[in-house]
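A.B. asks: Got a predicted structure plus its sequence, pasted below:
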Amino acid sequence: MRIVERLIKTTFQRISRNPYHSIGAIFVMFLTFFVGGIFVMLSLGSNAVLDHFESRPQIDAFFKDGTTQEQIDAFENKLRATGNIAQINFISKEDALEIYKERNKDDPLLTEFVSADILPASFQISSNKIDHLGELAKISQSEESVENVVFQQDLVETLSTWTKNIRNFGVAIVVFLLITSTLITLIVISLNISLHKDEIETMKLVGATKAYVRTPFILEGIFYGLMAAFFGTIFLWLTVIWLTPFLKEFLSDIPIFPINHIVFIYLFIGEATAGIIIGAIGSNIATRKYLNI
């Protein structure tokens, strides 16, 4: 226990002696975790948006007048056979009239002469994956009993494309920042090694082991990673709290907010783990390269 306490004490003494090096390393790693956290939140948010649209009817297939129940059932079976259906809702003429009246209840002139006979029955179709909507729309358009298909293809494809681009771009940026953080840690630890050459030589002369000499520097790198993960998570949490009123109003129809605090706990655990790994790797490389023991 005394050895562990001595190593920890040595670590913090060296950090306090070179505060600017420590602040620089923590700041760069903080940017890594803060930006990484932003892309994690964007990814979670985009998934929530996709799930929201995937859970809603995305294709409206309107039947021709005179379509029989057998034709409707056959069409439904054909759609379900694809395995890509999340839900199918049948809207009868009477249901369509009620929906029409509800939507135009503030304008009686639009509802006065409308009856169920002039409105078509329809299927409201939702897919378990947005990518499958194109196939379902084609099947619906080729059905003889279907007169018209409403499918917001551009919106669906744009959402899907943006989600994939956010993920890919986020991964690329985070990987770049992780590499940068590792290199910065390596540089800072290397500078600290050069500043403590006399102390290291003295330790070697009195019989200190390689592990004993290296451990304070490795603990220093781990400390940088933990502090950066902590501040990165805290700043991200405060940023989300600050933006929540605006985003909640902007995305009022999509149940994203409020974000459960457990998300930030998991995020901190993930970032702290990454910080420990980055700090340990950078410090280990530096000590192996620059400590001649």
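C.D. replies: Noted; the coordinates are in hand.

A.B. asks: mind listing what's buried in stretch 31-46?
C.D. replies: 32-41, 45-46 (16 or more other CB atoms under 10 Å). For every residue, glycine as well, the C-beta is placed using N, CA and C.

A.B. asks: cool, stretch 121-140 as well?
C.D. replies: In stretch 121-140, counting by 16+ other CB under 10 Å, buried: 121-127, 130, 132-133, 136-137, 139-140.

A.B. asks: Please apply the same query to stretch 86-104.
C.D. replies: Applying 16+ other CB under 10 Å to stretch 86-104 flags 88, 91, 93, 96-97, 100 as buried.

A.B. asks: What of stretch 64-79?
C.D. replies: Buried residues in stretch 64-79 (16+ other CB under 10 Å): 67, 71, 75, 79.

A.B. asks: on that earlier part again, identify those among the buried residues of stretch 86-104 that sit within helices.
C.D. replies: Among the buried residues of stretch 86-104, the members found in helices (DSSP state H) are 93, 96-97, 100.

A.B. asks: Adding distance to Ile8 and pLDDT, write these out as a markdown table.
C.D. replies: Shown next, in a markdown table, are these (distance: CB to CB, whole Å; pLDDT from 0 to 100):
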| residue | distance to Ile8 | pLDDT |
| --- | --- | --- |
| Lys93 | 77 | 81 |
| Ala96 | 72 | 77 |
| Leu97 | 76 | 74 |
| Tyr100 | 73 | 70 |
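
A.B. asks: Export these to JSON lines and append columns for distance to Gly207.
C.D. replies: Below are these laid out as JSON lines (distance: CB to CB, whole Å):
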{"residue": "Lys93", "distance to Gly207": "93"}
{"residue": "Ala96", "distance to Gly207": "89"}
{"residue": "Leu97", "distance to Gly207": "93"}
{"residue": "Tyr100", "distance to Gly207": "90"}
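
A.B. asks: Tell me the confidence at the residue nearest in space to the middle of the chain?
C.D. replies: Compute the mean C-alpha point of the chain, and by CA atoms, centre = their mean the closest residue is Ser43, 2.4 Å away. Ser43 carries a pLDDT value of 79.

A.B. asks: Likewise for Leu110?
C.D. replies: So Leu110 comes in at 58 (pLDDT).

A.B. asks: If anything else comes up later, I'll come back, but that's it for now.
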